[in-house]
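In: mind looking at a prediction? Sequence and model below.
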Amino acid sequence: MPEQIDGIDAKILHLIQGNAALSVADIADQVGLSSSPCWRRIKRMEEMGIIQQRITVLDREKLGLDFEVFVAVKLALPNRDNMEKFERAVQNMPEVVQCAVVTGAVDFMLRIVTRDMHSYEDFLREVLLGIDLISDVQSRIVLRQSKDTKAIPLNLISSTVPRR
């Protein structure tokens, strides 16, 4: 376990990443602290950058954004400048919700969210393929998500956190 994080910190992180709306009093009660020391621990982990942000997870399906595609992108010339240009370009594409530099036969894996197949086709033709750096794109349409979590596996750094 990282030296700056103890078992109580790991429990706090576990609770927060499960429900960012919990009050400090609720968290303190569940980890066996009073509110002030609990708040100080949370504040310290925010200052350390361990807690980066607290977000609200939206239901994509209820918003009509339930078409999801994983896209493997190969650059024509995968040098540092072209990779950086591509990474900057995807920052301006709201449909791209994740972009990872990967090893193997492709250079990037993208996770794309749109309304439907037609919206994805428009995005692919007009936006993604409009980047002249790309030599190949392979799309994998998601039929169903069997697991989708933002939670970090804290049980790997502390035995005090349940596996779930």
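Out: In hand now; what should we look at?
In: only C-alpha atoms for contact and neighbour calcs from this point on.
Out: OK.
In: which secondary element of the chain has the worst mean pLDDT?
Out: helix 7-18 (a mean of 93; mean pLDDT, DSSP states H and E).
In: what lies in contact with that helix?
Out: 22, 27, 31, 41-42, 150-151, 154, 157-161 (C-alpha atoms under 8 Å, 6 or more residues apart in numbering).
In: tell me the helix or strand right after that helix.
Out: Counting by DSSP states H and E, the element after helix 7-18 in chain order, helix or strand, is helix 24-31.
In: check which residues of that following helix are buried.
Out: Going by neighbour count (16 or more other C-alpha atoms under 10 Å), the buried part of helix 24-31 is 24, 27-28, 31.
In: pLDDT (mean, whole number) over the very next helix or strand once past that helix?
Out: Using DSSP H and E, the helix or strand that follows helix 24-31 in sequence is helix 35-47. The average pLDDT within helix 35-47 is 96.
In: for helix 35-47, which positions count as buried?
Out: Buried, per 16+ other C-alpha under 10 Å, within helix 35-47: 35, 38-39, 41-42, 45.
In: hmm, residue 113 and residue 64 touching each other?
Out: No. Judged on C-alpha atoms under 8 Å, residue 64 makes no contact with residue 113 at a distance of 10.2 Å.
In: pick out whichever of the two has more residues nearby.
Out: Using other C-alpha atoms under 10 Å as the criterion, residue 64 and residue 113 rank with residue 113 on top: 20 against 11.
In: name the element the more buried one belongs to?
Out: Secondary structure assignment for residue 113, by DSSP H and E: strand 108-114.
In: other SSEs contacting that strand?
Out: If you count contacts as 3 or more C-alpha pairs under 8 Å, 6 or more residues apart in numbering; DSSP states H and E, strand 108-114 packs onto strand 67-75, strand 96-101.
In: what about it, distance to the chain center?
Out: With C-alpha atoms, centre = their mean, to the nearest Å as the basis, strand 108-114 stands 12 Å off its chain's centre.
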